[in-house]
Each structure stands twice: as C-alpha cells, then as structure tokens.
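A.B. asks: got a predicted model here, sequence first, then my questions.
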Amino acid sequence: MPGIPAGVTAGVSHSSSTSEEKVAGLISLLKLLLHEISRSFRHSRRLVHNDRSFRRKKSKESTTTTPRSVDSFEIFAAPPAPMTPRIHCVRHAQGYHNLSVANHSMRDPLLTPYGEEQCRDLARLFPYHDKIDAVVASPIRRTVYTALLGFGSDLDRKSLNVIAMPELQETSDLPCDTGSSPEDLAKEFDGKAVDLGLVQPGWNSKKMQWAANARSIEARARAARLWLMNRPEKDIVVVTHGGFLHYFTEDWSGSDRFAGTGWANTEFRTYTFSSSEPEQAHLIETPESRQRRCGDDKSLDREEQAQLKRTSPADVTDRKGPARDLQIGSKKAKEAQRLHAKV
C-alpha cells in the first residue's frame with residue numbers, strides 16, 4: 001500500500017460541504033445498521049431448517065454476495081455480548097503496486113507471489129487462530145486475498161465469511177487504492193468465502209463519504225470502529241491498509257517507517273475498545289501487542305498522538321497534489337523527527 005493519498009486537501013472549508021460530509025457519514029452508519037438487520041432477518045428464516053449440514057452445503061453453493069457462514073448468523077441473532085470485542089488489525093500483504101511508483105497506476109492490483117508467501121507466514125505466526133470468530137476486510141482485492149490466505153483455516157473450520165467493508169478502503173484516490181465494482185468483485189470471489197453484502201454501487205467512487213480527504217476518512221474510520229464495537233463476536237480480525245490503519249487506530253507512531261505508513265505488510269496488532277467516549281469508539285493497543293513490537297517503549301497519550309498526526313506523512317490534511325511525491329517542509333520534518341523519537 002503506497003498509503004499517501006494524491007490530490008487531496010484539508011477538509012472542505014465551506015459549510016455546505018461540511019454538512020454533506022456529516023450527512024454522508026450518517027448515511028454510511030445507517031447502511032451498516034440496515035445490513036445487520038437484514039442479516040438477522042435472513043437468519044431467523046433459516047432457523048426453520050434444523051439440518052445444519054444441509055444449510056452449510058447450500059451456502060457453499062451460493063454466490064459471494066450471500067454469506068455462507070451459518071455461525072455468523074447465529075451469533076448476530078443472539079443477545080448482545082456484555083463485553084466489546086478484541087480487534088486484531090492486519091495490514092495487507094505485498095501487492096504489485098508496492099514494487100514501484102509506476103505501479104501506482106494499476107487499478108486494484110493483486111498480491112505478488114511474495115505477498116502470497118507473506119500470507120502463509122501470517123497464517124503460521126498469528127497466535128489467536130483458535131479465538132477468531134469474525135474476519136472483516138476492505139473490499140480492495142489485495143486485502144480480501146490477504147484475509148482468505150492468512151485466515152483460510154479459520155474460515156473453513158468455523159464456516160465464516162470474510163465480510164467486505166467499504167469503510168476500510170485505503171485513503172488515497174490513486175488507481176491502486178481504488179476498488180473494483182460490486183459486479184466485478186462478485187465475479188472475482190464467486191464460490192469463495194466472501195460476503196459482499198455491504199459493498200454497494202459507488203463505494204469506489206472516491207466521492208462524498210468515500211472521498212480522499214481527512215474529514216471523510218476520519219468519519220468512515222469512526223463508523224467502522226462503532227460498527228465493530230457493537231458486534232457480538234469476541235475476537236475480530238480486520239484486514240485493511242497501511243495509511244487507513246493510522247486513522248482507524250488513531251495511532252500515528254512510526255508512520256514514516258515505510259511509504260506512508262508505520263505498518264509492515266501483514267503486520268498485526270491487537271486492540272481493545274476504550275471505555276471513555278464510547279461515541280468515538282477509541283482503540284487501545286493491548287500491552288502484549290505493544291510489547292511484541294515496541295518492547296518497553298512508552299505509548300503516546302492522545303494529545304501527543306494529535307501532534308504526531310500533524311507531522312505524519314500518512315496524514316492527508318493540508319496536502320495538495322500527488323501526495324506520495326510530496327516532501328514535508330524542514331520545520332515540519334524536524335518536529336516529526338522529535339516526536340517519532342519518543343516512540
């Protein structure tokens with residue numbers, strides 16, 4: 001994931017655009033809610049059939065736009081869990097766009113052979129396979145394939161689908177960060193364990209709630225967190241993109257390590273939801289996860305993270321032109337270096 005958006009600006013300065021973005025965010029949340037109501041209703045009708053094996057057989061024969069996971073329906077129909085889920089964030093494996101700047105012009109590129117090997121390593125090294133009860137991914141092909149290859153055994157063993165969630169798409173509007181149409185995705189993942197129910201026409205337009213500007217990205221990152229926070233599952237894998245992960249986790253530490261992100265390909269980190277400001281659904285990295293990647297380094301507080309965000313190459317605010325080719329000014333670079341040194 002190149003991860004630094006192109007041709008974007010700070011938020012919209014005039015009030016009409018701001019209102020449009022707020023409305024777009026609400027529409028996005030309503031669509032997610034309606035999708036879950038639909039999933040629950042379809043499950044209630046399925047309960048008439050008590051032959052579990054028959055239902056699983058039929059679901060495997062269905063298209064990718066209809067989930068085949070009987071277990072996921074049953075979990076959603078149950079009463080809400082008293083605890084919020086634990087979230088395992090994963091950056092996608094290497095795609096062809098990661099090989100060169102020229103490849104940024106590729107539309108929705110696939111994983112490289114080395115990226116597929118990274119997925120096999122992810123499957124081997126990920127320590128929580130026995131606990132996973134949901135897998136969610138950006139609908140961009142490299143993230144879906146990372147989920148299928150890295151967590152395929154979990155999907156098969158527990159009869160789960162990868163839930164493709166448009167809110168998790170990458171932050172830029174470059175071709176490599178722009179997804180395929182719902183129709184093309186349905187063909188691509190036909191017969192595979194992928195639920196495309198949330199993927200609607202226009203999700204890849206990079207307009208309105210999908211725009212490559214800071215306010216839209218922050219709004220969909222929050223919408224994704226709220227949706228996940230209210231899921232009944234206990235351990236959820238979220239496969240997404242390096243640039244978006246900084247907005248999603250609100251953690252900007254090390255964001256200059258790679259091209260527009262601090263996340264390596266197939267790197268995973270584990271988070272829980274903060275009990276403060278539930279309307280924001282803030283995430284907190286678990287001590288075990290942070291120890292694994294940072295040792296005893298102290299994490300930054302929210303104010304320090306906000307300062308770090310302003311200096312981060314992954315932040316799209318106040319950026320104009322081809323963002324991947326921009327160099328931040330010397331004053332900003334020095335401030336970034338000072339803050340990153342604390343992490």
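C.D. replies: All right, it came through fine.

A.B. asks: Provide the secondary structure category for residue 248.
C.D. replies: helix (DSSP: H, G, I helix; E, B strand; the rest coil).

A.B. asks: so what's the residue count around the closest residue to residue 231 other than its chain neighbours?
C.D. replies: The shortest distance from residue 231 to any non-neighbouring residue, by CB to CB, 6 or more residues apart in numbering, is to residue 85 (5.6 Å). The C-beta positions use only the backbone N, C-alpha and C, and glycine is treated the same way. Residue 85 is flanked by 20 other residues according to other CB atoms under 10 Å.

A.B. asks: list the contacts for residue 85?
C.D. replies: Taking CB atoms under 8 Å, 6 or more residues apart in numbering, we find residue 85 in contact with 134, 228, 229, 231, 233, 234, 235, 236, 273.

A.B. asks: cool, and residue 135?
C.D. replies: 147, 151, 154, 155, 160, 161, 162, 163, 236, 237, 239.

A.B. asks: number of nearby residues for the fifth one?
C.D. replies: When counting by other CB under 10 Å, one arrives at 25 neighbours for residue 160.

A.B. asks: do the one 3 residues further on as well
C.D. replies: The burial count assigned to residue 163 is 27, neighbours taken as other CB under 10 Å.

A.B. asks: that one: which element?
C.D. replies: strand 162-164 (DSSP states H and E).

A.B. asks: can you list the strands that that strand pairs with?
C.D. replies: strand 134-137 (parallel), strand 194-195 (parallel) (DSSP bridges).

A.B. asks: list the buried residues of stretch 241-255.
C.D. replies: For stretch 241-255, the neighbour count (16 or more other CB atoms under 10 Å) marks 241-255 as buried.

A.B. asks: with stretch 203-220 instead?
C.D. replies: Of the residues in stretch 203-220, those buried (16+ other CB under 10 Å) are 203-204, 206, 209-220.

A.B. asks: just the ones of those residues in helices?
C.D. replies: The members of the buried residues of stretch 203-220 that map onto helices under DSSP state H are 214, 215, 216, 217, 218, 219, 220.

A.B. asks: let's have the strands paired with strand 162-164 in CSV, adding mean pLDDT and distance to residue 123.
C.D. replies: Output for those, formatted as CSV (pLDDT from 0 to 100; distance: least, CB to CB, whole Å):
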stretch, mean pLDDT, distance to residue 123
strand 134-137, 99, 12
strand 194-195, 99, 17
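
A.B. asks: can the ones you listed go into CSV with extra columns for distance to residue 262?
C.D. replies: Shown next, in CSV, are those (distance: least, CB to CB, whole Å):
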stretch, distance to residue 262
strand 134-137, 20
strand 194-195, 28
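
A.B. asks: which one of those lies closest to residue 107?
C.D. replies: Of all the strands paired with strand 162-164, strand 134-137 sits nearest to residue 107, with 18.2 Å by CB to CB.

A.B. asks: what element comes up after that closest one heading to the C-terminus?
C.D. replies: helix 141-150.

A.B. asks: which phi and psi does residue 264 have?
C.D. replies: phi -80, psi 160 (degrees, to the nearest 10).

A.B. asks: my read: residue 128 touches residue 90, true?
C.D. replies: No. Contact criterion CB atoms under 8 Å: residue 128 and residue 90 do not qualify, at 11.2 Å.
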